[in-house]
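**Q** could you work out the structure for the sequence below:
(chains A and B)
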There are 2 protein chains.
Amino acid sequence: MSEDVLIQSKELFEICIRILTRTGLQVNDAFTVAESLIFANLRGIDSHGVMRLPVYVLRLEKGGTKIHPNIKIIRERTATALIDGDSGMGQVVGKYATELALKKARDSGIGFVGVKGSGHYGAASYYTVKMAQEGMVGITTSNTTQNTAAWGGTTKIIGNDPLSIAVPYKEDNHLVLDISMSKVSGGKIKLAAKNNQKIPFEWGLDKYGKKTDNPNEIINGGTRLPFGEHKGYGLTVMMEILNGVLTGAGMLSQIISWSKHLEEPTNLGHCFLAIDIESFMDKIEFQKRLDLFVNEIKTSPPMEGLETVFLPGEIEAAIEKERKERGIPISLRTWNEMLILAGKYGKHI
Amino acid sequence: MSEDVLIQSKELFEICIRILTRTGLQVNDAFTVAESLIFANLRGIDSHGVMRLPVYVLRLEKGGTKIHPNIKIIRERTATALIDGDSGMGQVVGKYATELALKKARDSGIGFVGVKGSGHYGAASYYTVKMAQEGMVGITTSNTTQNTAAWGGTTKIIGNDPLSIAVPYKEDNHLVLDISMSKVSGGKIKLAAKNNQKIPFEWGLDKYGKKTDNPNEIINGGTRLPFGEHKGYGLTVMMEILNGVLTGAGMLSQIISWSKHLEEPTNLGHCFLAIDIESFMDKIEFQKRLDLFVNEIKTSPPMEGLETVFLPGEIEAAIEKERKERGIPISLRTWNEMLILAGKYGKHI
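**A** Presented below is the predicted three-dimensional model:
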């Protein structure tokens, strides 16, 4: 296990802004990216937190990600839009798309925005929580590089497209689903390999397409498996079609690794859907009904060893509360990288 | 195993129409219900085929389902609507909602219709395939009675809400996902019990909340488990919120068993989303891109023992082709029930 340091979210946010603005990124864009990274770290989604920053910076330096993209709407109808992100930072493009989906939902009841030409957009729930804060059900998904097998397949053929759905509930306590389509994250497999642990046979296949309990055999030419067997695989196919085929973004083997090919655009695709609660009922009535719903699930008997049955996002909200108070654990390696980046671009901390 | 008889789809359709119109249902409504049932049987979704007809008829007779519902729009915005199904047949209400979602998508790029006051609406893919036939991505979901545990729970607390997504591809060969949120259907568990077979421990819990490999222990006071562990459970919660909370329909314990409480309305909720492909790109370009996508997955190496990697709906399409030619296998018990119903309401066959 690597050593962690505890950093207060405010300090982490400020160093992110410093690093990002020194690459040439506009302050408001740097703010968006930093906000997305800290959001993820606060909620325990560390794989989408500041550990991504060094590669983001490299991509901005090497040109794979444009510092000043010309984000534009290329098709638009009353309740929909298609956006070309012009190889901007995924978070900058994603926020633009989220705001447009919200505007359309306010005007028409629902708004759906497809995106092409984007980059890694961080934690999907960053966008859906924004929509929930505006009184909307928020949904987003994005495609990724090929890292997961088809159900019945043997090779990395499809992405583990993230899917997030958030429902406005109580202030800072919305119901938030944020999942990816693979059985487990690549990080969990790497961690097991590092700790010489065996893994369940359902996690992935080796390079011969056989199920394996050795994480190294997945890492070295093998593949992850989709979550939920044929059902999760089918859902992944549909997410890929929406994110990749329908938006005109890259799809399947067209998508390069954004962390390896630093000079090349990734052309990722995303979708954003905002549904205005008030199209269906008054907000107060919705909150009352949601209270009933939450209460019935929360008062149902949990499994032995659990104190309660959880709702989506509840565990992340508890982590967020704790980390806002105590600080965010950052690996010493990431923290050192950030200090170097801050020193390179600004004054040494 | 019960004996089956092979019935041609045309004959099955005609007897459905005869049975349904003799209950007082209008011919066009009977047509919709019959079409939904035969659609399911043709595609091998027999649990949502004509085996449901006897209970549908009983509910129409006993008043739980209204023969002449007053289906109406109760809230409407440019791209959304909320419909009260007035306890009509789920298929009749569902078709109304599908057509409205299509109209809104044609006008605004996307259409989202929520439904309350509905009944069992049959196979979810019946509606999404209709949308795909109109050049739209079609999505629908519905809530159900409580039949599945929360992930971490021990009792039936949530429905196994069906979710279908269809993407227009080739004529009569669209990509069609049609899944429910439980690990397996109740039918599979009943079949294992009937055949004295053990089942995987992942399928469900006994009445004490323990995992079991005895199907009878799930049937007698136990519960099914959600598909995809915490990920599938989280998705189920979100489907229930859309179907139940947001539409104003019944939710969780408010939903009675439609097949047991024949005199009572079920107040089920559904959602229908239509996305016009042409809001994003011309249909021909979309088809070309989808061809590339399908080809890459279909030419990827399958697991040992499989001839090919399947796409969602491909197996069902193959069954449909075969059953259109050879006829639909119907259990002798269901067929006899249908003959009695046809005799009761019309001339004896």
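**Q** quick one, what contacts A:Leu290?
**A** A:167, A:169, A:175, B:241, B:245 (CB atoms under 8 Å, 6 or more residues apart in numbering or on different chains). In short, each C-beta sits where N, CA and C put it, glycine included.
**Q** likewise for A:Thr98?
**A** A:113, A:127, A:130-131, A:138, A:140, A:272, A:274.
**Q** any idea how far the most centrally placed residue in chain A lies from chain B?
**A** The structure's chain A has its C-alpha centroid closest to A:Ala123; by CA atoms, centre = their mean the separation is 2.4 Å. Between A:Ala123 and chain B the computed distance is 15 Å (CB to the nearest CB, to the nearest Å).
**Q** any chance of TSV for the contacts of A:Thr98, columns secondary structure?
**A** Below are these laid out as TSV (DSSP: H, G, I helix; E, B strand; the rest coil):
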residue	secondary structure
A:Val113	strand
A:Tyr127	helix
A:Lys130	helix
A:Met131	helix
A:Gly138	strand
A:Thr140	strand
A:Phe272	strand
A:Ala274	strand
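**Q** turn those into TSV, columns for pLDDT.
**A** Conversion of these to TSV gives the following (pLDDT from 0 to 100):
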residue	pLDDT
A:Val113	98
A:Tyr127	98
A:Lys130	98
A:Met131	98
A:Gly138	98
A:Thr140	98
A:Phe272	98
A:Ala274	98
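**Q** and the furthest pair within these?
**A** Spanning the widest gap among the contacts of A:Thr98 are A:Val113 and A:Lys130, at 13.0 Å by CB to CB.
**Q** neighbour-wise, which of the two wins?
**A** A count of neighbours by other CB atoms under 10 Å in any protein chain shown puts A:Val113 above the other of A:Val113 and A:Lys130, at 29 against 24.
**Q** bridged to that one, which residues?
**A** For A:Val113, the beta-bridge partners are A:Ala81, A:Phe272 (DSSP bridges).
**Q** please look at it and A:Glu99 and confirm they touch.
**A** No - using CB atoms under 8 Å, A:Val113 is not in contact with A:Glu99; the gap is 9.1 Å.
**Q** which residues are in contact with both of the two?
**A** Counting by CB under 8 Å, 6+ apart, nothing touches both A:Val113 and A:Glu99.
**Q** what's the closest non-adjacent residue to the residue in the stretch 151-300 of chain A that chain B sits nearest to?
**A** The nearest approach of the stretch 151-300 of chain A to chain B comes at A:Gly228, 2.9 Å away (CB to the nearest CB). Of all residues beyond its chain neighbours, the one nearest A:Gly228 is B:Gly228 (2.9 Å), with distances taken as CB to CB, 6 or more residues apart in numbering or on different chains.
**Q** for A:Met238, grab phi and psi.
**A** In terms of degrees, to the nearest 10, the main-chain angles of A:Met238 are phi -70, psi -40.
**Q** check what pLDDT it gets.
**A** You'll see A:Met238 listed with a pLDDT of 98.
**Q** roughly how far apart are it and A:Leu191?
**A** Distance, A:Met238 to A:Leu191, by CB to CB, to the nearest Å: 30 Å.
**Q** of those two, which one has the most company?
**A** A:Met238 (22 against 15).
**Q** which residues touch that one?
**A** Residues near A:Met238 by CB under 8 Å, 6+ apart: B:165, B:167, B:175, B:177, B:312.
**Q** and of those residues, the nearest to A:Met281?
**A** Nearest to A:Met281 among the contacts of A:Met238: B:Ile165, at 25.4 Å, using CB to CB.
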